[in-house]
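Visitor: Turn this into a model:
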Amino acid sequence: MTQTDVSTTERTSVATKEPSMFRVIYINDSVTTVDFVLDSLVTFFNYSSETAEKITLDIHEQGSAIVAVLPHELAEQKGVEVTLAARRQQYPLQIRIEPDES
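Guide: Down below sits the predicted model:
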């Protein structure tokens with residue numbers, strides 16, 4: 001009698017999913033200065049001065065604007081950072097985070 005060796009191979013499949021993206025939206029108000037909005041876009045989102053000016057104008061003219069689309073944790077972090085910076089300077093700037101539907 002001979003003994004037969006049995007070999008088994010296990011395959012594990014891990015499905016990775018792209019993180020959900022979220023919009024960071026600035027809401028216009030009559031108290032927060034244009035300079036603060038410009039500076040926050042440059043400081044927290046690394047926009048050039050020209051791009052920050054365009055976004056700031058959009059916020060002012062439309063009442064709000066999407067300033068970034070980021071993974072949830074990063075969007076939330078940026079929203080908190082900007083809100084804290086605004087409050088330190090006594091500005092009521094509101095930041096909204098919502099799922100990106102696109």
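Visitor: Return the residues in contact with the closest residue to Gln94 other than its chain neighbours.
Guide: Sequence neighbours aside, Ile27 is the residue nearest to Gln94 in space, at 4.1 Å (criterion: C-beta to C-beta, 6 or more residues apart in numbering). For every residue, glycine as well, the C-beta is placed using N, CA and C. Listed by C-beta atoms under 8 Å, 6 or more residues apart in numbering, the contact set of Ile27 reads 59, 63-64, 93-96.
Visitor: Quick one: residues contacting the residue most central in space within the chain.
Guide: By C-alpha atoms, centre = their mean, the chain has its centre lying nearest to Ala75, at 2.7 Å. Contacts for Ala75 (C-beta under 8 Å, 6+ apart) come out as 21-24, 68-69, 97.
Visitor: Make a ChimeraX selection of whichever of those turn out to be buried.
Guide: To isolate the buried ones among the contacts of Ala75 in ChimeraX, judged by 16 or more other C-beta atoms under 10 Å, type:
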select :21,22,23,24,68
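Visitor: ok, back up a step: for the contacts of Ile27, which entry has the maximal number of neighbours?
Guide: Ile59 (23 neighbours; other C-beta atoms under 10 Å).
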